[in-house]
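Trainee: how would this look folded up:
(one chain, ligands or ions: 2)
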Amino acid sequence: MAKFIDPSSIRASQPANFVHNDRSTLEHSGRAEENSSNFVYNPNNRLPIYAQRSKLPICASRDHLMFLLEKYQVVVVVGETGSGKSSQVPQYLVEVGWAHHGKQIAVTQPRRVAAVSLAARVAEERNCMLGDEVGYAIRFDDCTSPNTKIKFLTDGLLLREMMGDPLLEKFSVIMLDEAHERSINTDMLAGLLKKVLKKRSDLRVIVSSATIDAQKMKDFFNVKKRGDVSTDNAAILQIEGRCFPVEIMYSKHPVDDYVKATVDTVLIIHKSNAPGDVLAFLTGQDEVEECCRLLSEKLKNVANISKYKIQAIPMYSNLPAREQLKVFQRAPSGTRKVIFSTNIAETSITIDNIIHIIDCGFVKTTVYDADFNTETLTVLPVSQASANQRAGRAGRVTSGKCYRLYSEDEFEKLKPQSVPELQRSSMAFPILQLKALGVSNVAKFDFLSPPPSKNFARALELLFSLGAIDAKVELINPIGNQMAEMPLNPMFAKCLLTANEFDCSDEILTLCALMQIKNVFHVPSSGKEKMKAARVQREFYATEGDHMTKLNVFTSYVNNRRSKSWCDKYYASYASLNRAYHIKEQLLKYARRFGIELTSAKGFDDDKVLRCLCAGFFANVAIYTSRGCFRSIRDPVSSPDLFIHPDSVLYTVPFNSGTYVLFTETVHSTKIYLRECSIVKSDWLLQVAPHFYSVR
Ligand code: CDP
Ligand code: MG
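Mentor: Ligands and ions are numbered 1, 2, ... in the order given. All right, here's what the predicted structure looks like:
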């Protein structure tokens, strides 16, 4: 049972004035992106464009920014979401002549949808055709022309452009946008641009962000002589935003269920009749929905506890744009808006009139486990910087209050800053890319935040065993270069590059695409329907495991003309399968380029597909032990116990000791689970990876 937080147990600390100095992790991973809408709220959309532009906070800083760019090579621009950084700065640059002589201005985005929608918006503001003066480029889609002056592109694509144009000679200014997200690609670009700036004194870099640790960025780029400020080549520009004090309240005791505690805290605020809307931070869509449900349930039992009415609104990135709009609409007078949101409201969107913040103290983020070589979404405590950023969302219109569902002691124990993606991801692909970009000593590369040495060592070991690099850490041609170019994790890339040997490139392409989506099946919430879904879905289950099962679903989906009614009948996710279908088409283009022919084992020889998977994933294998669980074969003695995940089709299968399973996805909660797994034979492993297994 959750403890109801009694108002007296919430203690006020010194009111704090918040400055935006945090870098935080968003809930979107590359995966979530494609399902999420890219919704931008424009409070002034009834005004003419020029009036909308002049109302943006950045407008007052225009001349100052242009001055700083004359004087400094790098300018860090800090201003909250919606202040006009992404859409206005590139236009100012064009207006003052940075795009003369055929030079372009590049603006990088961590997300593809953002690159496209920003380009569309700026083209509209400049009254030109998209792709003419203003264009975008994302993988597989280049919408630019020789006239293009402002080019929005993903950070990944700019990295790729550097392979052909190492000094980025086409560009006069590079804007690293949304730098607070600290995506792997943005971090890598920062390191690479620092080198380019030394060779190109005419190049300018703008680092822009909603909450960045600006000083760290500035110090990273600044190469001044010690103590001599006059030689600074980097500066910070803070865009004016309103910032009122926010009073912080801590929970006296740790709460054991922050979902319930969130709802209870809403009721305390509501009962107190204090005016103002509430924004509560949770970690995922399920918790957001649970809070909405719980609140309406509790309100049924209490009549007239407040002079206000309550309107509960969910917010998460997968919510349709129409629903997201509700978050921004003003509540009718006498009604209090209560927004339950994921981390998306921390920096990605800005909601007006929030007075009360409830912070559960956690965030969902991907973490890399070097021992299992897997990345998993995990709920972790937030950093102090994130907690302060969340609290600061209340101080925009007047002074606000932030209720932290943890004690002050717990706050003191939190990490000061969030961990950037590069430090919690596999380094295998970034290392391949750096090598392909001609970085000779990757270990000495100037990272904004260097990755842990263990992750580095694991990546080198993996790339070596996959045959991508040699003992001197040089790329092995052609396979190493091809793996650097393919938009896949190197283990899947290896499977694909070997698929022709097993006559199954078609199946491997499908699996590579399916791994980019979360679930092929829907799981209904009602018990009765759940059973029905399980019954019809069982038709696709393969005794070998999840990979062949997913292949069966995808094949049936295609054979049934990719129809929605077929998906509905089998509780298969139409959106996910459709997306996988398109990813497969794109991957096919790469495969063709690398001379991979489309071959299929056509369901006659499933072994071939699994053997091919072994060729890439030989390092991700576990063995069933007499203790009734699995152990990693890397080191069965010190390996923790591993269990089959309830979502896997192998969950209910009785295993014999010595059975091997290969896994491509794990989930870490109270135990470590193998979520996507298939049964494989030891002979196959010895055949495809004798170097790996003989070494051990
Ligand atoms: O980058 P930053 O968050 O500072 O702001 P922005 O993306 O340049 O957006 C500034 C304003 O432009 C927004 O508040 C919207 O009013 C408008 N905008 C829009 O209507 N549609 C877009 N795709 C982007 C911006
Ligand atoms: Mg922006």
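
Trainee: now the stretch 201-350 of the chain against ligand 1: closest residue?
Mentor: Closest to ligand 1 within the stretch 201-350 of the chain is A210: 6.6 Å, counting by CB to the nearest ligand atom. Every C-beta, even on glycine, is put in place using the N, C-alpha and C of the backbone.

Trainee: which stretches of the stretch 551-696 of the chain form helices?
Mentor: Along the stretch 551-696 of the chain, counting by DSSP state H, counting those that start in this stretch, helices occupy 564-569, 574-593, 606-617, 682-688, 690-695.

Trainee: send the alpha carbons of the first one over as CSV?
Mentor: Included here for helix 564-569 are C-alpha records, laid out as CSV according to Å, rounded to 0.1, in the frame of the first residue of the first chain:
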residue,chain,number,x,y,z
LYS,A,564,-5.4,-4.5,-41.5
SER,A,565,-8.2,-7.0,-41.1
TRP,A,566,-5.7,-9.8,-41.0
CYS,A,567,-3.8,-8.0,-38.3
ASP,A,568,-7.0,-7.4,-36.3
LYS,A,569,-7.9,-11.1,-36.5
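
Trainee: re earlier: winner for burial among the helices of the stretch 551-696 of the chain?
Mentor: helix 606-617 (a mean of 24; mean count of other CB atoms under 10 Å).

Trainee: and it, how far out from the chain middle?
Mentor: 29 Å (CA atoms, centre = their mean, to the nearest Å).

Trainee: kindly report the same for stretch 178-192.
Mentor: On CA atoms, centre = their mean, the centre of stretch 178-192 falls 13 Å from that of its chain.

Trainee: please apply the same query to stretch 277-290.
Mentor: Using CA atoms, centre = their mean, the offset of stretch 277-290 from its chain centre is 18 Å.

Trainee: now stretch 88-100
Mentor: With CA atoms, centre = their mean, you get 30 Å for stretch 88-100.

Trainee: pLDDT of it, averaged?
Mentor: Averaged over stretch 88-100, pLDDT sits at 97.

Trainee: so does it get close to ligand 2?
Mentor: No. Taking CB under 5 Å from the ion as the criterion, stretch 88-100 and ligand 2 are apart, separated by no less than 9.3 Å.

Trainee: residues contacting that stretch, please?
Mentor: 53, 56, 58-59, 62, 65-66, 69, 77, 105, 107, 122, 125-126, 133, 149-150, 172-173, 175, 204, 206, 208 (CB atoms under 8 Å, 6 or more residues apart in numbering).

Trainee: quick one, phi psi at the closest residue to ligand 2 within the stretch 401-550 of the chain?
Mentor: Among all residues of the stretch 401-550 of the chain, E421 sits closest to ligand 2, at 18.1 Å; criterion: CB to the ion. Here is the backbone geometry of E421 (degrees, to the nearest 10): phi -50, psi -40.

Trainee: just checking, L130 touches A120?
Mentor: Yes. Between L130 and A120 there is a contact at 5.6 Å, judged by CB atoms under 8 Å.

Trainee: buried subset of the contacts of stretch 88-100, written for PyMOL?
Mentor: The PyMOL command for the buried members of these (criterion: 16 or more other CB atoms under 10 Å) is given here:
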select buried, resi 53+56+58+62+65+66+69+77+105+107+122+125+126+133+149+150+172+173+175+204+206+208
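
Trainee: in strands, which of the contacts of stretch 88-100 fall?
Mentor: V77, I105, V107, I150, S172, V173, M175, R204, I206, S208 (DSSP state E).

Trainee: state the pLDDT value of the third one.
Mentor: The predicted local confidence for V107 comes out at a pLDDT of 98.

Trainee: how about the fifth one?
Mentor: S172 is assigned a predicted lDDT (pLDDT) of 98.

Trainee: ok, it - contacts?
Mentor: W98, A99, K103, Q104, I105, D202, L203, R204.

Trainee: mark which of those are buried, thanks.
Mentor: Buried, going by 16+ other CB under 10 Å: W98, A99, K103, Q104, I105, L203, R204, out of the contacts of S172.

Trainee: now the third one: how far from S86?
Mentor: Right, K103. 20 Å (CB to CB, to the nearest Å).

Trainee: please parse the protein into its domains.
Mentor: 14-26+243-421, 49-239, 486-688 (automatic domain parsing).

Trainee: out of those, flag the one nearest S440.
Mentor: domain 49-239 (11.9 Å; CB to CB).

Trainee: SS state for the residue nearest to P275 when sequence neighbours are not counted?
Mentor: Nearest-residue entry for P275: I355, 6.9 Å, with adjacent residues in sequence omitted and distances by CB to CB, 6 or more residues apart in numbering. Classification of I355 using DSSP: H, G, I helix; E, B strand; the rest coil returns strand.

Trainee: which strands and helices sit next to the one helix or strand D142 maps to?
Mentor: D142 belongs to strand 141-143 when elements are defined using DSSP states H and E. Here strand 141-143 touches strand 134-138, going by 3 or more CB pairs under 8 Å, 6 or more residues apart in numbering; DSSP states H and E.
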